[in-house]
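**Student:** Just a sequence and a predicted model for now, questions to come.
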Amino acid sequence: MDTADDGPGTGGLRRFTWWSLAGVTVAFMAPALAPHLWDPGLSPWAAAAGGAALALTSLSLFALFGRRLTRGPDGPFPAGWAAAGCAGALVTALVLWPLDEVLWSVAPATVAAPVAMFLRPRPAWVSLAAVALALAVPGLLRGSDAFGVLFPPGLALVVAWAVLGLLWTWDVAARLDESRRLAARLAVAGERLRFAAELHDVQGHHLQVIALKAQLAARLAGTDPERAAGEMREVAGLAADALRDTRAVVRGYRGTSLEREVANAARVLESAGIRVRSSVEAVDGGSDGVRGLLGLVVREATTNVLRHSRAGEVEIALRPEGDGVRLRVANDGADPAGSGDGTGLRSLAERVGTAGGTLTWDDTGGRFTVTAVLPWEGNG
């Protein structure tokens, strides 16, 4: 997880976490150790080496925390800065070893957690436990009392608890922000798919009917000019409807009327020479969204009949069913090579499923049937 591209609010949190971790650890370590480097018991060379090592360790801590917070736990391990921090802590410990039985352990105990924070949680705590045990050994060899033996490992574990705990909080916040950004991208993608489905519903139906009527007008132009002119007037009206509906889709306000779609389907199919048997029972209630969705099913089924079938008869049936309503559109001229294979029915099935219903289609014995079942307020 690369967190260099922070989302809203997380940039400030990342900087706060960085300065909190690096600032607190360095502010704890440097003031505690720096005054002792001027101890009269140290030679100038030892004091200079200790001061340089302490500065290198402090700089390494800032770099390690910065790398961890900007590149996440899965980023490359900064071996150079880790080695510099460990080397500086080791030199500082060797310089201060003669002065105090616990002071020497401050730098190594402080550096252990920033190096281990690039590991997974379990390996990190295992390595920190190993470091804590190792820090107890010098006290045992020195013959220190219980405080001198237990202070170094205890300090390492306390620093680790504070550092890894604050990092865990940051990681959770970063993951939540990434999830938010991913959800936003998915919402945009979903809206694009919805918009594409809306355009398919509008343009696919209108253009198919326009093409059919234009072909009919072309055939009638020589034999029945008056009827051809009438068909072309209908083409002009359909084109105007398509333009109006397309503009409405762009605005996001287009509504689809179930009753209007059933009536339009019957009119268009009959004009194509297809018999229509309509069995629409009165159904009260139903939200505008559900009624509009059923209207889209009628429109898509009608478009498929015109585009893919050789139907002579189409049946449109709508009736209550329990707490829902069932819509069935069947035709007797299914084309095995094309019926139901487009994206229209599949996208509609997803939208019907989101509304709590089902949309199925099947081809049996040359009869293609589209069935939609949706919950319906007002039944029961």
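**Tutor:** Perfect, thanks for sending it. Just so it is clear, the model here is predicted, and its values are computed rather than measured.
**Student:** contacts, neighbours, all on C-alpha from now
**Tutor:** Noted.
**Student:** ok, which stretches of this structure are helices?
**Tutor:** Taking DSSP state H as the criterion, the chain contains helices spanning 10-33, 44-71, 79-96, 106-116, 121-142, 146-199, 205-220, 225-251, 258-271, 288-308, 343-354.
**Student:** What is the longest one packed up against?
**Tutor:** The one in question is helix 146-199. On a contact count with 3 or more C-alpha pairs under 8 Å, 6 or more residues apart in numbering; DSSP states H and E, helix 146-199 meets helix 10-33, helix 106-116, helix 121-142, helix 225-251, helix 343-354.
**Student:** Could you dump the helices of the chain into a markdown table and include mean pLDDT and distance to Val280?
**Tutor:** As requested, the helices of the chain are arranged in a markdown table below (pLDDT from 0 to 100; distance: least, C-alpha to C-alpha, whole Å):
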| stretch | mean pLDDT | distance to Val280 |
| --- | --- | --- |
| helix 10-33 | 86 | 56 |
| helix 44-71 | 92 | 62 |
| helix 79-96 | 93 | 75 |
| helix 106-116 | 92 | 71 |
| helix 121-142 | 90 | 64 |
| helix 146-199 | 80 | 25 |
| helix 205-220 | 82 | 22 |
| helix 225-251 | 80 | 25 |
| helix 258-271 | 81 | 9 |
| helix 288-308 | 83 | 12 |
| helix 343-354 | 84 | 20 |
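**Student:** ok, back up a step: of the helices and strands packed on helix 146-199, flag the one that's most buried.
**Tutor:** helix 106-116 (a mean of 25; mean count of other C-alpha atoms under 10 Å).
**Student:** Show residues contacting it.
**Tutor:** The contact list for helix 106-116, computed with C-alpha atoms under 8 Å, 6 or more residues apart in numbering, reads 25, 29, 33, 54, 57, 61, 64-65, 82, 85-86, 89-90, 92-93, 124-125, 127-128, 131-132, 135, 152-153, 155-157, 159-160, 163-164.
**Student:** how far is it from where the chain is centred?
**Tutor:** 37 Å (C-alpha atoms, centre = their mean, to the nearest Å).
**Student:** can you put the helices and strands packed on helix 146-199 in JSON lines and add distance to Ala48?
**Tutor:** Output for those, formatted as JSON lines (distance: least, C-alpha to C-alpha, whole Å):
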{"stretch": "helix 10-33", "distance to Ala48": "13"}
{"stretch": "helix 106-116", "distance to Ala48": "16"}
{"stretch": "helix 121-142", "distance to Ala48": "24"}
{"stretch": "helix 225-251", "distance to Ala48": "72"}
{"stretch": "helix 343-354", "distance to Ala48": "71"}
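**Student:** got the helices of the chain as JSON lines, with distance to Thr369 columns?
**Tutor:** Listed next are the helices of the chain as JSON lines, based on distance: least, C-alpha to C-alpha, whole Å:
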{"stretch": "helix 10-33", "distance to Thr369": "53"}
{"stretch": "helix 44-71", "distance to Thr369": "55"}
{"stretch": "helix 79-96", "distance to Thr369": "66"}
{"stretch": "helix 106-116", "distance to Thr369": "64"}
{"stretch": "helix 121-142", "distance to Thr369": "57"}
{"stretch": "helix 146-199", "distance to Thr369": "21"}
{"stretch": "helix 205-220", "distance to Thr369": "18"}
{"stretch": "helix 225-251", "distance to Thr369": "27"}
{"stretch": "helix 258-271", "distance to Thr369": "15"}
{"stretch": "helix 288-308", "distance to Thr369": "9"}
{"stretch": "helix 343-354", "distance to Thr369": "12"}
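**Student:** Indicate which one of those is closest to Thr371.
**Tutor:** With C-alpha to C-alpha as the measure, helix 288-308 is the member of the helices of the chain nearest Thr371 (8.7 Å).
**Student:** Quick one: list the elements packing against that closest one.
**Tutor:** helix 205-220, helix 258-271, strand 324-331, helix 343-354, strand 367-375.
**Student:** by how many degrees do the second one and helix 288-308 diverge?
**Tutor:** In terms of direction (axes from the mean of the first three to the mean of the last three C-alpha atoms, to 10 degrees), helix 258-271 departs from helix 288-308 by 10 degrees.
**Student:** Please name every helix or strand in contact with helix 258-271.
**Tutor:** strand 275-280, helix 288-308.
**Student:** ok, now the first one?
**Tutor:** Using 3+ C-alpha pairs under 8 Å, 6+ apart as the contact definition, the elements that helix 205-220 packs against are helix 225-251, helix 288-308.
**Student:** and of these, who's closest to Ala272?
**Tutor:** That would be helix 288-308 among the helices and strands packed on helix 205-220, by C-alpha to C-alpha, at 8.2 Å.
**Student:** got the buried residues for the closest one?
**Tutor:** Buried residues in helix 288-308, counted by 16 or more other C-alpha atoms under 10 Å: 290-308.
**Student:** Convert it to PDB, retaining C-alpha atoms only.
**Tutor:** C-alpha atoms of helix 288-308 as PDB (Å, rounded to 0.1, in the frame of the first residue of the first chain):
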ATOM      1  CA  ASP A 288     -42.200   4.700  -9.900                       C
ATOM      2  CA  GLY A 289     -38.800   2.900 -10.000                       C
ATOM      3  CA  VAL A 290     -40.300  -0.600 -10.200                       C
ATOM      4  CA  ARG A 291     -42.900   0.500 -12.800                       C
ATOM      5  CA  GLY A 292     -40.200   2.100 -14.800                       C
ATOM      6  CA  LEU A 293     -38.000  -1.000 -14.600                       C
ATOM      7  CA  LEU A 294     -40.900  -3.100 -15.900                       C
ATOM      8  CA  GLY A 295     -41.300  -0.600 -18.700                       C
ATOM      9  CA  LEU A 296     -37.600  -1.100 -19.600                       C
ATOM     10  CA  VAL A 297     -38.100  -4.900 -19.700                       C
ATOM     11  CA  VAL A 298     -41.000  -4.400 -22.200                       C
ATOM     12  CA  ARG A 299     -38.900  -2.100 -24.300                       C
ATOM     13  CA  GLU A 300     -35.900  -4.500 -24.300                       C
ATOM     14  CA  ALA A 301     -38.000  -7.500 -25.100                       C
ATOM     15  CA  THR A 302     -39.700  -5.600 -28.000                       C
ATOM     16  CA  THR A 303     -36.400  -4.500 -29.400                       C
ATOM     17  CA  ASN A 304     -35.100  -8.100 -29.300                       C
ATOM     18  CA  VAL A 305     -38.200  -9.300 -31.200                       C
ATOM     19  CA  LEU A 306     -37.600  -6.800 -33.900                       C
ATOM     20  CA  ARG A 307     -33.900  -7.400 -34.000                       C
ATOM     21  CA  HIS A 308     -33.400 -11.100 -33.500                       C
END
